[in-house]
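Trainee: have a look; sequence and predicted model below, questions after that.
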Amino acid sequence: MILLSDRRISAIPLGDNGEALVDVRQVADLRVDDRLADEAGAYAHLREATVQRLLAAQRTLPRGLRLLIIEGYRPLSLQTTYFESYKDELRRRYPEWDSARRHVEASKYISPPEVAPHSTGGTVDLTLCTADGIELDLGTIVNASPVDSANACFTGAPHISPQARTNRDILARALSSAGMVNYPTEWWHWSFGDRYWALTTGATRTRYGPVDLS
């Protein structure tokens, strides 16, 4: 399993094709949850090609199911706050860990800011819901940490219910078929165009770099 803290990720050259960010709340066929809404609406923005891939993925879902978008773009300043806060939590819970281990363990849950996928606008956290917006069981809540979920948040976790496994497989097939890649410690995290996508697909550079929504 390659983590976002791996030097192979940060070594990938950055590129950016200048593609615009789209407010997904204005895309009629996609459903956006507001649990992580911010005043500027940053959470609901994604790059154009990522939006097109989500639409393509949704068309392959079984009848009656929809994608439910939780968070797209995340400002780099917020990414930094999340990462440092989680490292502080790990320091309190595991005082025997040194700083290098805390950095690696934190990257299973929050990306180091220097490679932050969400800050490119190409990455999305999402789940499955019914046409009425009722979320399906995928084994954990979105954004469950490895520590609190005993690693059940890992996409391939063996200790989840058969129904949750089926639902994760449905989500994975749809998004993979649309050209998106999963971060294996977070079943809900899928990306296109960022460094993790580049490493996974063999691209020589990223399609997207960090973007400033303001």
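Mentor: All right, it came through fine. What you see is a predicted model, and the numbers here were worked out from it, not measured in a lab. Numbers count the residues shown, from 1 in each chain.

Trainee: rest of the way, CA atoms for contacts and neighbours
Mentor: Will do.

Trainee: how about residues contacting the helix or strand hosting Leu54?
Mentor: In the assignment (DSSP states H and E), Leu54 maps to helix 48-59. Helix 48-59 is contacted from outside by 19-22, 24, 29-30, 66-67, 122-123, 174-175, 177-180, 191-192, using Cα atoms under 8 Å, 6 or more residues apart in numbering.

Trainee: select only the buried ones of those in ChimeraX?
Mentor: To isolate the buried members of the contacts of helix 48-59 in ChimeraX, using 16 or more other Cα atoms under 10 Å:
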select :21,22,24,30,66,67,122,123,174,175,178,179,180,191,192
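
Trainee: got the phi/psi numbers for Ser191?
Mentor: According to degrees, to the nearest 10, the main-chain angles of Ser191 amount to phi -140, psi 160.

Trainee: from Arg92, how far out is it?
Mentor: 31 Å (Cα to Cα, to the nearest Å).

Trainee: flag the shaky bits of this protein, pLDDT-wise.
Mentor: Within the chain, the stretches with pLDDT under 70 are 214.

Trainee: show me the biggest helix of it in terms of residues.
Mentor: helix 76-93 (DSSP state H).

Trainee: residue closest to the middle of the chain?
Mentor: His189 (2.5 Å; Cα atoms, centre = their mean).

Trainee: what are the ranges of the strands in this protein?
Mentor: Assigned strands in the chain, in chain order: 21-23, 31-32, 45-47, 65-71, 123-130, 181-182, 189-191 (criterion: DSSP state E).

Trainee: quick one: Val83 from Ile110, how far?
Mentor: For residue 83 the amino acid is Phe, not Val. From Phe83 over to Ile110 (counting by Cα to Cα), the distance is 6 Å.

Trainee: neighbour count: those two, which is higher?
Mentor: Ile110 (25 against 20; other Cα atoms under 10 Å).

Trainee: close enough to count as contact, the more buried one and Tyr82?
Mentor: Yes: if you go by Cα atoms under 8 Å, Ile110 and Tyr82 touch, sitting 6.9 Å apart.

Trainee: work out the gap between stretch 177-195 and the centre of the chain.
Mentor: From the chain centre to the centre of stretch 177-195 is a distance of 6 Å (Cα atoms, centre = their mean, to the nearest Å).

Trainee: likewise stretch 79-94?
Mentor: 18 Å.

Trainee: got TSV for the strands of the chain, with distance to Asp169 too?
Mentor: TSV is the format used below for the strands of the chain (distance: least, Cα to Cα, whole Å):
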stretch	distance to Asp169
strand 21-23	27
strand 31-32	20
strand 45-47	24
strand 65-71	13
strand 123-130	11
strand 181-182	12
strand 189-191	14
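
Trainee: can you tell me which of those is nearest to Thr166?
Mentor: Closest to Thr166 of the strands of the chain is strand 123-130 (Cα to Cα; 11.6 Å).

Trainee: strand 65-71 and the closest one, what's the angle between them?
Mentor: Here strand 123-130 points in a direction 140 degrees away from that of strand 65-71 (axes from the mean of the first three to the mean of the last three Cα atoms, to 10 degrees).

Trainee: mind listing what's buried in the helix holding Leu54?
Mentor: By 16+ other Cα under 10 Å, the buried positions in helix 48-59 come out as 48-51, 53-59.
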